[in-house]
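Visitor: I need the structure of the sequence given here:
(chains A and B)
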Amino acid sequence: MKNSPKKNLTEADFISIINVFKDKLFRIAKRLLVSHEEAQDAVQEVVLKLWIQKDKMIYYTNVEAFAVTMTKNYCLDRLKSKQATNLQLIHSNYRDQHERLAKKMEARDSVSHLNRLMEQLPVQQKMIVQLRDIEQLEFAQIAEIMSMTEGAIRVALSRGRTTLKEALIKIHEYGT
Amino acid sequence: MEHDIQKLLDLYFDGKTTTQQEQQLRAYFLGNAVKENWMPYKSLFVGFQSSKKEKFTQAIDLPKKSRYVFWWVSAAIVATFIVGGNLYKPTQSYSEQEAYASYAEFKENVLLVSTHLNQGANRLAHLETFDQTTTKYLKKE
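Guide: Now for the predicted structure:
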């Protein structure tokens, strides 16, 4: 996305820029934080930060990649602070219940299945699979967002995809 | 066809596919009935596709307007204090005098009420004798 070098960005201009990728930010935040509400808060927070520095936004060559990076960093910080407190304990309790429940479910709903499988991936692979296979970004963009080389991205992507594949094959064998 | 797809799948799981090749895979698995042992792949691509549909439904709230309101309100409060402070000083001696005057007036009124009350209380003394005499009769009966 390129912006013409205007001096002042109006609120309407800003919103229309945000509207292009706000869903993407939300999906990424939800992928990392799992909770719907927390993901919404994350998006509002990132948008607010962008709004505060909106005058600098004109100079960014790619606002979207910048916003995605901000979202990623915000969510990783949230996860870290969660781990520091005993919220993690609550979360793991919840997860146990969640898994038990999910096991009872039939192996038909591919979305919820995939979401659960992706939850188990390491954060880096989770992010890269999200950016490539769901958001369909180019490797160069993903490399920029993750501050990794394209080669490293491809390696992580391969691992993530393979883990998902193997898990789905297992489900398919036992599930039907 | 299936042979090509198998090749693409191998590349895909090695992380070596191009954007175009991934598009081909997506089109195939979303559009076609696939053979039994490819069902896991189908659910993978279907899952990705469905995940992409999730939307951010909240309204974006920007603080701009409320922030201006905040500044105006705080400016108004500060102005009130400054103006109020200036007005208060000269009126202080005047209102002090007035307060003393009304205090004196109030004192006078209260004294008046008090004397009347005392008079009333003295008259109540008669009630006591009345009370004593009645109880005398009541006890006798």
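Visitor: report the distance from stretch B:104-121 to the chain centre.
Guide: 51 Å (Cα atoms, centre = their mean, to the nearest Å).
Visitor: grab the CA positions of it and hand them over as CSV.
Guide: Output of stretch B:104-121 as CSV, limited to C-alpha atoms (Å, rounded to 0.1, in the frame of the first residue of the first chain):
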residue,chain,number,x,y,z
ALA,B,104,-25.9,37.8,66.0
GLU,B,105,-29.4,37.8,64.5
PHE,B,106,-29.6,34.0,64.9
LYS,B,107,-28.3,34.2,68.5
GLU,B,108,-31.0,36.7,69.4
ASN,B,109,-33.7,34.5,67.8
VAL,B,110,-32.5,31.4,69.6
LEU,B,111,-32.5,33.3,72.9
LEU,B,112,-36.0,34.4,72.4
VAL,B,113,-37.1,30.8,71.6
SER,B,114,-35.2,29.6,74.7
THR,B,115,-37.0,32.0,77.1
HIS,B,116,-40.4,31.0,75.7
LEU,B,117,-39.4,27.4,76.0
ASN,B,118,-38.4,27.9,79.6
GLN,B,119,-41.7,29.6,80.4
GLY,B,120,-43.5,26.7,78.8
ALA,B,121,-41.4,24.3,80.8
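Visitor: residues of whichever strand or helix holds residue A:172 that come out buried?
Guide: Residue A:172 is part of helix A:150-175 when elements are defined by DSSP states H and E. Burial within helix A:150-175, assessed by neighbour count using 16 or more other Cβ atoms under 10 Å in any protein chain shown, is assigned to A:153-161, A:163-165, A:167-168, A:171-172. Placement of C-beta: from N, CA and C, glycine included.
Visitor: all helices for chain B, in order.
Guide: Ranges of helices within chain B are B:2-13, B:19-31, B:39-51, B:64-140, based on DSSP state H.
Visitor: err, chain A, not the other one
Guide: Under DSSP H, chain A gives helices at A:11-33, A:36-52, A:54-57, A:63-84, A:87-104, A:110-119, A:123-129, A:139-146, A:150-175.
Visitor: what helices or strands is the second one leaning on?
Guide: It refers to helix A:36-52. helix A:11-33, helix A:63-84 (3 or more Cβ pairs under 8 Å, 6 or more residues apart in numbering or on different chains; DSSP states H and E).
Visitor: one step back: pick the most deeply packed of the helices of chain B.
Guide: Using mean count of other Cβ atoms under 10 Å in any protein chain shown, the stretch among the helices of chain B with the greatest mean number of neighbours is helix B:39-51 (a mean of 20).
Visitor: right, I'll call it a day here.
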